[in-house]
Every structure is written in C-alpha cells, then in structure tokens.
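1. Sequence and predicted structure below; questions after.
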Amino acid sequence: MATAAGDADGQWVMDEEGQREEIQKERFHIRFQYLRSEKTVEKCFIDKLPPHIKPIDRCKIWKGFDAAYGDYNVTFEQNFQTTRLACIEEEVHNTWFANKPSTEEMAWLEILRKKRSYSESAKYKQELSFNPDLVIGGSMTSPVTFVCHWELAKMQEVSFVEFQFDTSKLTIEKFRAFVLEVSFDALHETVFVKKADQKVMILITLKSAPKIYNAGKNSKRLIAKDIGYQDIGRLNSYYIELDAEMESLEVEQLLSRLICIGFRVVYIELQIKPHELKSDVLLPDNFELTYAWQCVTTIGFKVTDHLTFEVKKYIEYLFQKETSLMIQVLYNLAIELIEKQFFHFKNELDLMKKRILTNFDHDLPPHYSRVARMVLTPTRSLFLPKEPMFQNRIVREYGEDFFIRVVFRDEDFEKISTVQSDAVENILERMKTFFEDGFQIQTRDYEFLGCSNSQLREHSFWFFHPRDDITSENIRNSSGELSTERCVASYVSRFGLCFSSTKKTVDVDKGCVQYTDDVQNDEYCFTDGIGRISTKLAEKVSNELNISPVPSAFQIRFGGCKGVVAQDPTLGNDADVLVIRKSMHKFKSDSNNLEILEVTRPGRLHLNRQVITLLSGLGIPDHVFINLQEKMLIDLAEMLLYDEMALPVLLESAVNVDFNLIANKGISLVQEPFFRSLLLVIYHHRITNLMKRTRIQIPLNKGRIMMVIFPRNPSPL
C-alpha cells in the first residue's frame, strides 16, 4: 500500500477560557491519474479546497509511463495537511467531483493516508457482507468505462456479496443457485468507486475467472453451462451497486480495510455502457494468423468490446497488407494484454507493431520447436502464443505445425484438485467430453493424441490435427507395438516415452545393439534401467550434441527402451556398441535413433520439503536447514550487489551468452539493465521456489546431483 510522506503532528492554541488546546493535524497524499492537463487540478481542485486543507511540499507531475490512455497521460501528486481528520475522504471527493471539468472525464482520484489513521475495525475486520441492489459482470474498456454483459442478479436475487478478509476471498451468491468465489490474489490491486444519488458503485477487475460452486451445502463445483451463461470466463470485471444510506458505515469500513491490506481505492466518474453485438473480423486464409488472432480474442470481452466498425476495418487492412508481421504482433500483444485491467486497443496494436519492426526475431535454439498451446478451464478456453518447446520424437517426425499442447487448469491456473472427486464431477465430465470430441480452430479439427507420464501429472496433453491420411490413431500404431497393453495406465506410460523431451543424435544399426539380462538376485535387480555404451558411440553422440568432454553417462530413449547408459571401454574403442538390459526394454519400436534426455555434468543440489522431512526424521537438527537457507538468502542478495557473485549465477543459467567475455570487457553485470533484469528474474524465481516448495540451494562444495550407474566390474553377489 502506498503511504503519504510525513507524520501527524499538533499545534497548541488558546480556547475561549484561556486554556491551551492541541489541534491535531494530519498529512496525507493525493494522486490524480489519467489527466489531460495538470493545470486542471490547480484551478478546479486545489483553489476550491476548504481552508483547513492546505497543500504542502512541491507537487510532482509526469507524463506517460503506465498511467496513460491516449491523450489522458498526466499524473499529478501532492501532499496536503488538514486539521479535520474525520472528513478527509468526503471533502476531497466532493471538491473534485463538484468542480471537475468535462474534459477530465478519465481522471482517477486516489487519497492515501497513513495506515495508523484508520480505525481499528478497518485494520482488522475479518468479514464484511452486503445485500447489493445490483451485480453485473462485464469488461473495462477505459480508465472509467464499464461495458455490461451479464446481469447476474437484481435486488433480492443476490443473497450476499461477502469480503472474507480472514481467508482472502470474495464471494457473490445468487440466491439458491450458485456462488462465485475469487481469491484476493486474483483481483487487480485497483478498486474503483463511484458515489452518487445515495448509491455507492464498486467496480472490481479480475486477473482470472471466479470459481463456481453450488449454493447448497455440498460445495459442488459447477461449470459455465450449469449457471446458464457460457461466457462467464470472458468477463473480467464485476459491478456491485450498494445502498449508501443503509450500508454507509459498512462501505467505508470496506474501502478502508481494502486499503489497509494493500489495494488501491480510486474514485472515478464511472461510465456504464450496454454491450453491442459485433461481427467477426474477416481473416485471410492463413491458419497461423487465425490462431494468433484467437490468442488475442480469447482473453475476453476486454478485448472484443474494443472491436468497433472502424477498428475492425483497420485490423483487416493490416492483416491483408502485413500478414507475416501481424502474426508476431498478435502473439506479443496477447502476452501483454492478458495482464492489463484495461487498455486502448488500437494504440496498443500500433505500439506493438513499432516494437516488432525495431526488434529482430531470434532463431530457435537447437532441438526446439514452436508449439501452439491452449489452457482449458471450467469456464473458458484460452489460446496462448506459440512457445519454444523441447522437441520429442513425435513432433520431430510429423512436424510441429499440426500439434497443440492442451493444459487443464482451474480458473486461477493452478492444477485442479481431485481430492474429492464427487465435488469436481462436472469439471471432470467437461474434460472427458473435450477428450472425446476434440476442438476446432478455423477449419482444423484437433483430436487427442497422448502424453508422457510427467505431462500427465501436470494435466498436460497433446492434440493433433489429422492430415494426409495421418491420424492420431495412425501415430499411436506406428510408434511401436502397444496392442498387447490392456492396462490403460501402462499404455499411457509406454506411449508416453515418445513424448519425452529429447535431443536427436545418431542412428544406431540393429547389429550394433546387444540385448542382455539384468544383474539380479532373488531380492534385487542391480541394473534396473542401466545399460552400457561404447566409447566410440559415446563420442559420436557428444559430437552431435556439441558437448566436450565426452560425458561418462547418458539418459536415453531408444525405440521402446528407456534408461541410462554408461561408457564402458571394455566394449572396444573402434566399434559402435549399445547394450540394452531387459529392464530397459518396454515395447518394440522401429525407431533406431539414440535420443538423449540428459548427460552427466556438474549439477547443483537442492533440498525440498520432502527431503527435509526425511532428514529431520533421521536426526538432522533444524539449525542445519536454517543455516543453509540463510546462506542461500545471503548469496541471492549479494548476487544483486557484486559482479563476482553474479557471474557464476549467470553462467549456470541456460542463456546462450558468453558472460565471462562480457565480464572481462569491464561491463558490470549488476548494473547493465538487461543482465540485471536476468538476475532479478533468477532472484524472484528462486525466492518463489523457496517459499512455495522449500527449495533450498546447497553450495557446490556441499553436495551434487549424481547419475547412478552400475560398476563395470561388480563384486560377486
């Protein structure tokens, strides 16, 4: 929460009886955004304020940055002081909106006070409930414009709107029908308020769609069709209208409480508009352009509500004239718009077009392909820009153009919890229907193909568009002999080997492959998943991967085999030999390329919550883990301060940059903007992992990750 500079103080005066009396003063801060001109504030606000509110310090004025909407790009900030503490918001609000000229219709007014100036109930209130007169779902298309799409409930149809501060959740219930639930983390930080005609209108914008529950006691999850409105996932704003007379105290407590927990409350002249039916944009016969356009439009109504006749004509003109450029423009635009509360669509499009023209497109790294992606939630389908993904056997063989990666997620983009399967029965049914029926993009019909084990755990799957008599069924049948697998789990696991992220290296002739039994006794298999590779073949693989020196072991996929192979000089230095154990063989396959997942290399070790629990149970004292955590935090802080600490961290990253050369040229890694941004990304990523997964980094001299192999000359069993 932003706070005003300065402290509350007092002034002593004499009352009528000659007694000294202290007049309390409070300093507070006022911020105006989306102004046309700063002179408006001086003429229509500061000069009109009551005499007990006086400006202090110099004002701050700047243009552009984040708070810009066309010509409304001025931000004005000023510190003030008052001797009437109880009525700051009311007097400031009334002064501005009584004198605000019509030319400043986009302006935001924000009043920032010190947290201690709010009442105890505002600071610690755990729950506030309201009976609203009206709740409408829609979109925000400008700093002050709300477009209505779905009248959720009128008076008496909503049982309550509840702000649960103890659980950080907002719930909206339609009487005996359903409950919408959204976490405070899924709300944008700015809450919009309009006060007029004995009504208080609150507008809240969402980063993700709310979860839908049955209004009964069973808390069963619902999907869009269950509530009779299929487009609920496309809404990004909710308008709540309250009776200011009946609930004035509660409204003030709500606004104060929101400010105290970090939200911004801004006062605006809210403009409410009905939505208009709009025709589709005419697209050229280009699939990738169509897909890129869907990446933008599936963001929701906050995009499509901008598509007026003039905007559509302009877009169609760009699509026809600069098709290849617009594909990249739309991909970048989709990434940028999804995070914003509102925007000026045409301006954003033009700005992104200029950025793309001045920045060249980088080539893909080896062994990567650009793959389309889609996120399916209980209420919507969100297409995402094509992303570089590590190749797998299937994508390499059939080409990435006809594949799409589909991820099933909850509304907040977290994995769907199935602890209580009956509670998510409707969601699971939606997923099942999606698997069976597939989906369509333009003229392409996508059908389910498969996934790997790790992808299955992440609820991620591959879909394929049939072409040239190649279908998903053909791909599965040609990948190997899997017809004997009758267990669904085993079938998915076996076929999933083809989706492992691998690097293609050399083809190995069948005559060079030796199949041998495992080394085992009655209780244990000592060579489970561990084979051997000759020195010559290992050198060929290393040359193909451009790795030096030659690794001692490789994690592989070879046809229907998986596991690790270690260098064995006894196999000969002049022959290509690959030894496959029986435990490595999962199914027959005609593929003879030796695909590599990982090679032996220095690897940093990390602790996680599970390992810490095990070690603690074995008697390792807690202070050991605390010391390691403190050492990690200190290293992360020093990484942002000192070049000698930043260099090894950047060298560990997967960025293909010679950081040693850059450091030797005298460039400061902690000061140069691009490299500092990399360091900040690494910092935030590691801090997030530490908080969520207790992922504690171990110093390199304290531990390493190792790849287990079988000794060449084992002792007799």
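-> Perfect, thanks for sending it. Numbering: from 1, shown residues only.

2. So which residues of the stretch 1-150 of the chain form helices?
-> For the stretch 1-150 of the chain, the helices defined by DSSP state H, counting those that start in this stretch occupy 39-44, 88-99, 120-124.

3. Check these for me: which has the lowest mean pLDDT.
-> Across those, helix 120-124 has the smallest mean pLDDT, namely a mean of 72.

4. Which pLDDT value does the model give the residue found closest to residue 448 once you drop the neighbours it is linked to in the chain?
-> Excluding its sequence neighbours, the residue lying closest to residue 448 (C-beta to C-beta, 6 or more residues apart in numbering) is residue 435, at 5.0 Å. Yep, even glycine has a C-beta here, placed from its N, CA and C like the rest. Listed pLDDT for residue 435 reads 92.

5. what about residue 435, distance to residue 463?
-> Taking C-beta to C-beta, to the nearest Å as the measure, residue 435 falls 9 Å from residue 463.

6. For burial, what's the neighbour tally of residue 187?
-> By the criterion of other C-beta atoms under 10 Å, residue 187 has 19 neighbours.

7. just residue 610 next, same as before
-> Count around residue 610 with other C-beta under 10 Å applied: 10.

8. Likewise for the one 4 residues further on?
-> Close neighbours of residue 614, defined as other C-beta under 10 Å, add up to 11.

9. what is the rounded mean pLDDT of the helix or strand hosting it?
-> Taking DSSP states H and E as the definition, residue 614 sits inside helix 609-617. Helix 609-617 carries an average pLDDT of 93.

10. same thing with stretch 629-638?
-> 94.

11. For it, which outside residues touch it?
-> Outside stretch 629-638, the residues that touch it by C-beta atoms under 8 Å, 6 or more residues apart in numbering are 645, 683, 686-687, 690, 696-697, 699.

12. Between those residues, which sits nearest residue 352?
-> For the contacts of stretch 629-638, the residue nearest residue 352 by C-beta to C-beta is residue 683; the value is 27.9 Å.

13. What distance do you get for the closest residue to that closest one other than its chain neighbours to residue 150?
-> Of all residues beyond its chain neighbours, the one nearest residue 683 is residue 636 (5.6 Å), with distances taken as C-beta to C-beta, 6+ apart. Relative to residue 150, residue 636 is positioned 45 Å away (C-beta to C-beta).

14. ditto for residue 496
-> If you go by C-beta to C-beta, the gap between residue 496 and residue 150 works out to 41 Å.

15. Residue 391 too?
-> Separation of residue 391 from residue 150 (C-beta to C-beta): 43 Å.

16. and stretch 533-548, C-alpha only, in CSV?
-> Provided in CSV are the C-alpha atoms of stretch 533-548 (Å, rounded to 0.1, in the frame of the first residue of the first chain):
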residue,chain,number,x,y,z
ILE,A,533,27.7,-47.7,-24.4
SER,A,534,31.0,-48.0,-26.2
THR,A,535,33.5,-45.1,-26.2
LYS,A,536,33.3,-44.6,-30.0
LEU,A,537,29.5,-44.3,-29.9
ALA,A,538,29.6,-42.0,-26.9
GLU,A,539,32.0,-39.7,-28.8
LYS,A,540,29.6,-39.7,-31.8
VAL,A,541,26.7,-38.7,-29.6
SER,A,542,28.8,-36.0,-27.9
ASN,A,543,29.8,-34.5,-31.3
GLU,A,544,26.2,-34.5,-32.4
LEU,A,545,25.3,-32.6,-29.2
ASN,A,546,28.4,-30.4,-29.4
ILE,A,547,29.5,-31.4,-25.9
SER,A,548,33.0,-31.6,-24.6
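
17. so residue 384 touches residue 373, yeah?
-> Yes - with contact defined as C-beta atoms under 8 Å, residue 384 reaches residue 373; the gap is 4.2 Å.

18. sec struct for residue 711, please.
-> Using DSSP: H, G, I helix; E, B strand; the rest coil, the structure places residue 711 in coil.

19. Count residues in the vicinity of it, would you?
-> 9.

20. can you map out the helices along the stretch 451-600 of the chain?
-> Ranges of helices in the stretch 451-600 of the chain, per DSSP H, counting those that start in this stretch, are 453-457, 472-478, 488-495, 535-545.

21. Which positions within the shortest one qualify as buried?
-> Residues of helix 453-457 classed as buried by neighbour count (16 or more other C-beta atoms under 10 Å): 455-456.

22. same check, this time on stretch 80-92
-> Buried-residue list, stretch 80-92, by 16+ other C-beta under 10 Å: 80-82, 88-89, 91-92.

23. closest to residue 310 among those residues?
-> Among the buried residues of stretch 80-92, residue 92 lies closest to residue 310 (C-beta to C-beta), at 38.2 Å.

24. how much space is there between the residue nearest to that closest one when sequence neighbours are not counted and residue 259?
-> Taking C-beta to C-beta, 6+ apart, and ignoring the residues beside it in sequence, residue 92 has residue 111 as its nearest neighbour in space, at 5.6 Å. For residue 111, the distance to residue 259 equals 9 Å [C-beta to C-beta].
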